[in-house]
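Asks: Okay, structure incoming, though there's no sequence with it:
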């Protein structure tokens, strides 16, 4: 734990706080604050039909990435940040989402530009592919793919499993020594059943229920906020006062609201770490910028809606903020204060759905990177063995300590970020040129259609757009 925490602290301060901030500001400047200027356009394009009937639409790609983004981090992650870092961490989550919107736009537009065509006429891609194609560095692409596999099949799924089982701690039957392992076994078996080829009906049902549950969760939090509307000025004052208490921040940077806000914000919205581009590349759109705008919108949905709902549910409830309550306990206490005995069940049910779809959808990204390393689909036997290892990781994660699973997830996610962000900085002008091309066509009243040669790209590097 000492080694994990030391590496975690160093990676986020000073390394990642500088990388994320500088990159986000550069992307915001180069795109002319695309996250503000074209927010309305992002809402419009998300409802467009795919170019070809039956292909993956912008909305479907948004749902894949949002299902992975909107998960345990939106509830347990926010609760942990508030309890361990302070209310000011909410402000730093908002700020990271704002500048991260530009990073999400760049990485997903690049994934679209450099995506490849599959045998069925669909498409696939992501950071590993644009690093190999545009930077001519397959080795670095493979390293990124390995870190993504370790992050999503290992770190994130272990964390999701832990967070899910921790929501049962408030119930009388929970025994700290045995219940996590029992629940971990149940979660692992259910996920294993689905990813081994069965459970299509379960996945279909949850894909419908998660947006509904997300809406119910946000409405439940909104009801608490409205019921305590008079407290909103005090809550906002608390957030901003803590966020700008620089004496406290620099007195203990690693445990400050700034670092916890950045860590939990990055874990939740994933802007810049290179995960969402894998989903973005699968969408069939007429212009890469459309999917860049859609993935930018996903960051705001995740942070400004779902994370903010959790934060205000807790801060408006009047429940004391303590380190001991970090995780599921704090937010379940807040829900109990608002809804009585129904409150903990609301959080548990939300977590069951959010965590389950996160565990399934995380493997969508993993499969894409395995195919990249293998230069095609591996054998069925290999994938069966690999998924069995993933299921074991889910079981193990449920019984680990909170500090260990968060540290492992943070570190692995950080390594992804440290490869993807520099790659985006090197290739970012391609996305900026694509944006200008899109804006020009929109100004002419056209539905933008991408031509690689119109922004000076080498046609040998853009397999899908020839």
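Replies: Okay, I see it. Not measured: the values here are computed from a predicted model.
Asks: what about the longest helix in this structure?
Replies: When the chain is parsed with DSSP state H, its longest helix is helix 402-443.
Asks: Show the average pLDDT along that one.
Replies: Throughout helix 402-443, pLDDT has a mean value of 93.
Asks: Show the secondary-structure elements that that helix is packed against.
Replies: In terms of contacts (3 or more CB pairs under 8 Å, 6 or more residues apart in numbering; DSSP states H and E), helix 402-443 is packed against helix 2-10, helix 17-30, helix 89-113, helix 127-135, helix 138-149, helix 157-166, helix 257-269, helix 288-300. Placement of C-beta: from N, CA and C, glycine included.
Asks: Show me how far stretch 351-360 is from its chain's centre.
Replies: From the chain centre to the centre of stretch 351-360 is a distance of 13 Å (CA atoms, centre = their mean, to the nearest Å).
Asks: Could you do stretch 24-37 as well?
Replies: Worked out by CA atoms, centre = their mean, stretch 24-37 lies 20 Å from the chain centre.
Asks: who touches that stretch?
Replies: Stretch 24-37 has contacts (CB atoms under 8 Å, 6 or more residues apart in numbering) with 96, 98-103, 105-106, 272, 293, 296, 300, 424-425, 428-429, 431-432, 435.
Asks: Next, the distance between the ends of it.
Replies: With CA to CA, to the nearest Å applied, stretch 24-37 spans 16 Å between its terminal residues.
Asks: which residues in the stretch 151-300 of the chain form strands?
Replies: Using DSSP state E, counting those that start in this stretch, the stretch 151-300 of the chain contains no strands.
Asks: Sketch out the low-pLDDT regions of it for me.
Replies: For the stretch 151-300 of the chain, the stretches with pLDDT under 70 are 198-210, 248-255.
Asks: ok so, going back, run the angle between the longest helix of the chain and helix 157-166 for me.
Replies: If you take axes from the mean of the first three to the mean of the last three CA atoms, to 10 degrees, helix 402-443 sits at 110 degrees to helix 157-166.
Asks: show me where the stretch 301-450 of the chain has helices.
Replies: With helices called from DSSP state H, counting those that start in this stretch, the stretch 301-450 of the chain shows them at 308-317, 328-339, 342-374, 380-398, 402-443.
Asks: highest average neighbour count across those?
Replies: Of all the helices of the stretch 301-450 of the chain, helix 308-317 carries the top mean neighbour count, a mean of 25, counting by mean count of other CB atoms under 10 Å.
Asks: Skipping adjacent residues, who's closest to residue 85 in space?
Replies: Nearest in space to residue 85, with sequence neighbours left out and distances taken as CB to CB, 6 or more residues apart in numbering, is residue 260 at 2.8 Å.
Asks: Please apply the same query to residue 432.
Replies: Of all residues not flanking residue 432 in the chain, residue 30 sits nearest, at 5.1 Å (CB to CB, 6+ apart).
Asks: measure the one you found to residue 106 for me?
Replies: 8 Å (CB to CB, to the nearest Å).
Asks: ok, these two, which is more surrounded?
Replies: Applying other CB atoms under 10 Å to residue 30 and residue 106 shows that residue 106 carries more neighbours, namely 34 against 17.
Asks: okay but that one is in contact with residue 291, surely?
Replies: No - taking CB atoms under 8 Å as the definition, residue 106 is not a contact partner of residue 291, at 11.8 Å.
Asks: All set, thanks.
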